[in-house]
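Visitor: pasting the sequence and the predicted coordinates here, then a few questions.
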Amino acid sequence: LPHYSRVSFIVCQLLLWSTTNGLPESIREEANERIYQDWGGVFGKRSARESITDDLIGIIGDAYDVRSGGQVSVISEEFCTFPENAKRCKGFNPDSSYVTFGLERIPGEAVFSPYSNRFREDEAVIIFGKTPPLAKYFGHTEYLNTVDDGKRRRNGRLDIQASLHDAINPSNINVTSDGSYSDSFNKDYVVISSADQNMYSMLSNALQQIGISSDTFNRQVWPKEQVNLGIFYSSDTISTTMRIAFFEDQAIGEQYLSDVPVTVLRITPKLMKEEILPYPIPIRASKYLGDNERKYKRALNKLERKVRKNIGGDKRLDSTSVPIQLDPEECLTENTQCFFDSPDSAYYGNLPGQFFKRSSFFIVIGTNHVKTGLARYSSVAMYDVDQLIPVASFNSVNDMENSAEQFLPNHEHTDKLFAITFRKKCKKRPYCVEVNFSKRRSLPPFFLLASRAYMHPNGTKSAYVDDLLPMRVIYGEKIIRNT
């Protein structure tokens, strides 16, 4: 493949793995061994959610089956530190935790994976509970996972992995709040997903009869024009994922993830409906178009010159970062793969094309998108190309600030830039991240770098990728001579 195509393909593979094979068995302990936390509000206690489920069955149970035996599973950075979990952490964003929802099967439903389902067109799903405690980001996204390809290649399935609509995030979620981004956390919320507008109306009315405020209702749709609904082998599969990044209080965040305070219900009419009132294809919000980072390009150029002048070493090369832009509507229409796109992030990928020897280093420079006002958090992660497993990362929360001053002090835009080094051994060097690749190999490892910029502070999605200056990667190598 041409270089740009290779970079795009591999970065897309990271998006794919981070939301499929990266999903583990639930890390929760058995219920009888845990004292469940009360997160407040209507849905804060497990017993309260169970009572709501019972009340809902009391209202609609004569006409509908209500199944509550789904799985809520989590993958986090700590999980990936164990070697036996390596395969499940392919493409994992080390700055995020992932929550996935697998629903109880109905009789006759063909099984694809524990984390995706096939649905009749007259069914619905209710997810209700607490949004995460205060963090930089969360996003709830539903995907068309696979479709029937009419063949028997890969079990006759074609991977689509395209979002069916915009993610529900702190900028657009319906919760009882003051309307600010930060007041969307640790709140009661409800998501009702279906292909039938009548199902949404019935369920929203029933929930309000129980006493649940409609201000907390969020609608997700399965457009009949884009999804081949049904429970048979040839029917499409749907998956749901929540991404969470950077809890303000890590201890509280870990409590949340240890037993996610969310209940998942599958609602199925006892008698299949002959027809439904389908939804139109939802209109997606635009990515934020406004300010851009071009004003910092000259400062970034100067930083690069300073880096090259100061790093030393016997071999210095650089490589180009390329934007990764995925169009879910095109993927849904053309049956092409969107690799579990995240509409809330802008991505760049960089494939330096150099082995990481023990004498090697990579210096990554760029704009801190948070400081330039175009993101709520940003990060750069390094992945082993062979296994697509993260080996190191840095981010705007913990690492980028003041890092450019080592090369470019006293410049008016230094605070908007970063310069971080990846090395096998940092030896107390400042603004350096150690790369862990202890596994013995016949050749040195080969790495890919991926940058993420999540959520424009003034929009409901990320900034437009072309408004961001891409990271630059400078490869260096100091020859170790025998003495």
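Guide: Received the coordinates, thanks.

Visitor: any idea which helix or strand carries the most centrally placed residue in the chain?
Guide: In the chain, the residue lying closest to the centroid (C-alpha atoms, centre = their mean) is R243, at 4.4 Å. Secondary structure assignment for R243, by DSSP states H and E: strand 237-247.

Visitor: tell me what the helix or strand following that strand is packed against?
Guide: With elements assigned by DSSP H and E, the helix or strand that comes after strand 237-247 is helix 250-258. Applying 3 or more C-beta pairs under 8 Å, 6 or more residues apart in numbering; DSSP states H and E, one finds that helix 250-258 makes contact with strand 96-102, strand 237-247. C-beta: built from backbone N, CA, C; applies to glycine.

Visitor: look up phi and psi at R46.
Guide: phi -60, psi -40 (degrees, to the nearest 10).

Visitor: what's the burial count for E477?
Guide: By other C-beta atoms under 10 Å, the residues close to E477 number 18.

Visitor: hey, what's I365 bridged with?
Guide: On the basis of DSSP bridges, I365 is bridged to A419, R472.

Visitor: cool, and Y454?
Guide: S345, Y377.

Visitor: what's the distance between it and N395?
Guide: 10 Å (C-beta to C-beta, to the nearest Å).

Visitor: neighbour count winner among the two?
Guide: Y454 (29 against 22).

Visitor: remind me which residues of the chain are low pLDDT?
Guide: 1-36, 76-91, 152-155, 312-318, 437-444, 478-483 (pLDDT under 70).

Visitor: again, only using 80
Guide: Across the chain, the ranges flagged by pLDDT under 80 are 1-37, 75-93, 150-156, 311-319, 353-355, 357-359, 385-389, 436-446, 477-483.

Visitor: and the helices in it, which stretches?
Guide: 3-17, 46-60, 197-210, 250-258, 297-311, 328-334 (DSSP state H).

Visitor: stretch 105-116: which residues count as buried?
Guide: Across stretch 105-116, burial judged by 16 or more other C-beta atoms under 10 Å covers R105, I106, E109, F112, Y115, S116.

Visitor: how far off centre is that stretch?
Guide: Relative to the mean C-alpha coordinate of its chain, stretch 105-116 is positioned 23 Å out (C-alpha atoms, centre = their mean, to the nearest Å).

Visitor: what does that stretch contact?
Guide: 20, 23, 65, 67, 71, 73, 100-102, 117-118, 120, 123, 145-146, 157, 231-233, 235, 237-239, 266, 268 (C-beta atoms under 8 Å, 6 or more residues apart in numbering).

Visitor: circling back: take the helices and strands packed on helix 250-258 and lay them out in CSV including distance to I281.
Guide: As requested, those are arranged in CSV below (distance: least, C-beta to C-beta, whole Å):
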stretch, distance to I281
strand 96-102, 23
strand 237-247, 15
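
Visitor: this completes my enquiry, with thanks.
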